[in-house]
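Undergrad: Have a look at this prediction, sequence included:
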Amino acid sequence: MTDRPVTPKERLLQALSGQKTAGTPAVPAYLCLFLADFERAFYIEQYRRRMKGRSVHRIEHEEDTLFRAQALYESYGILKVRPDWIEVGQGASRSWAERMQIVAEGGVLFYEDRSMGERAPMHKVDLPWGDAQLPSLSRSQADIWDGSAQIQDVSDVDAQVPIVPAEELSARGDYDLPRRVVADYGDTYYISTILDTPFSQAYNLLGFQGLMLAQHDRPALLHHLLQRQLEQTQEEMGAWAATGIDGVYVEEVFTGADLISPRAYDRFVFAYNQPYFQQMRSLGLIPIHYVCGDVIPRLERIVELDIAAVAVEESKKNFQ
């Protein structure tokens, strides 16, 4: 009588806990980026079939969540050998579904926001998540150079980074997608999502130059922003943990030794990463910490964090 085969999830959990594994677990990082076009195409096709020649279809949240899950599974199906994890992001909120409809015109399917009277072709924008507005979906995803003008004082920070409790986040409906993926595949595959550390998240508001200069010009305001980002992301961790996912691929940019000093790293990165990862672990989520840039001088500090593994960028920009 042969032993039961080890599941992909078990194999990956063994590796992350330092145990000997039955075979080598394979988890391509950011596979979601490669599969995004396929996932979107499968998602659109389900609406095309659903409409059956009709010109308008009102989005229903439960149906939309199902379509997203099926599209995710179909996209993974293009791979000859599936990886040991499934990456999943948020779906769209119930309030998004309530105001949206799909419109067919000239062979093209459009999202149409009935409350704003705006449209966006489904094949030209990313899959909406949360309570996304159509203009933001259509906007170019260019790198942010300097957004510090929008953050002048702590009131601006508080307005830009509201603290929404985990229970409220869970109730919106956009975490129904990962909850469904866990229900469908959580026994077999390791289910993971992607989150940023507070310093990386601050880039979305300050931009690269703004984030670099704030460390020297406005350290008190930067600390307030980082604390605010920490508190909000900890609430998001709670919402994610409630879905039953296994772990988080925690990305961090602009913290390598090629960009900021050891002192700046300790003050603005490490000080917030410690409670960040402690909270993640306390919720039962397994963190893999991905760090861009010259990570070698940071490793002595990084190993003090409560993480399961470190992922590093390839050698470039004069670092190995």
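TA: Now that the structure is in, tell me what you want to look at.
Undergrad: Could I get the full set of helices for the stretch 201-320 of the chain?
TA: Taking DSSP state H, counting those that start in this stretch as the test, the helices found in the stretch 201-320 of the chain are 219-243, 262-265, 271-282, 299-302.
Undergrad: Just send these back as CSV, with distance to residue 182 too.
TA: C-betas here are computed from N, CA, C, even on glycine. Formatted as CSV, the helices of the stretch 201-320 of the chain follow (distance: least, C-beta to C-beta, whole Å):
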stretch, distance to residue 182
helix 219-243, 6
helix 262-265, 35
helix 271-282, 17
helix 299-302, 29
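Undergrad: Mean pLDDT and mean neighbour count added to the ones you listed, as a markdown table?
TA: Shown next, in a markdown table, are the helices of the stretch 201-320 of the chain (pLDDT from 0 to 100; neighbours: other C-beta atoms under 10 Å):
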| stretch | mean pLDDT | mean neighbour count |
| --- | --- | --- |
| helix 219-243 | 98 | 19 |
| helix 262-265 | 97 | 15 |
| helix 271-282 | 98 | 19 |
| helix 299-302 | 95 | 14 |
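Undergrad: Could you point out which of these sits nearest residue 96?
TA: Closest approach to residue 96 among the helices of the stretch 201-320 of the chain is made by helix 219-243 (16.3 Å; C-beta to C-beta).
Undergrad: The closest one packs against which elements?
TA: helix 154-160, helix 166-172, helix 176-185, strand 190-196, helix 198-217, helix 271-282 (3 or more C-beta pairs under 8 Å, 6 or more residues apart in numbering; DSSP states H and E).
Undergrad: Out of these, which gets nearest to residue 128?
TA: Using C-beta to C-beta, the helices and strands packed on helix 219-243 put helix 176-185 closest to residue 128, at 11.6 Å.
Undergrad: Would you list the phi and psi of residue 304?
TA: Note on residue 304: backbone dihedrals following degrees, to the nearest 10 are phi -80, psi -10.
Undergrad: Report how many residues lie close to it.
TA: Counted with other C-beta atoms under 10 Å, residues neighbouring residue 304 total 12.
Undergrad: before we move on, what about residue 202?
TA: Neighbours around residue 202, by other C-beta under 10 Å: 26.
Undergrad: hmm, back to that, among the helices and strands packed on helix 219-243, which is nearest residue 130?
TA: Closest among the helices and strands packed on helix 219-243, once you apply C-beta to C-beta, is helix 166-172, at 7.7 Å.
Undergrad: In terms of secondary structure, what does that closest one contact?
TA: Using 3+ C-beta pairs under 8 Å, 6+ apart: helix 166-172 touches helix 219-243.
Undergrad: what about residue 128, is that helix, strand or coil?
TA: Secondary structure assignment for residue 128 (DSSP: H, G, I helix; E, B strand; the rest coil): coil.
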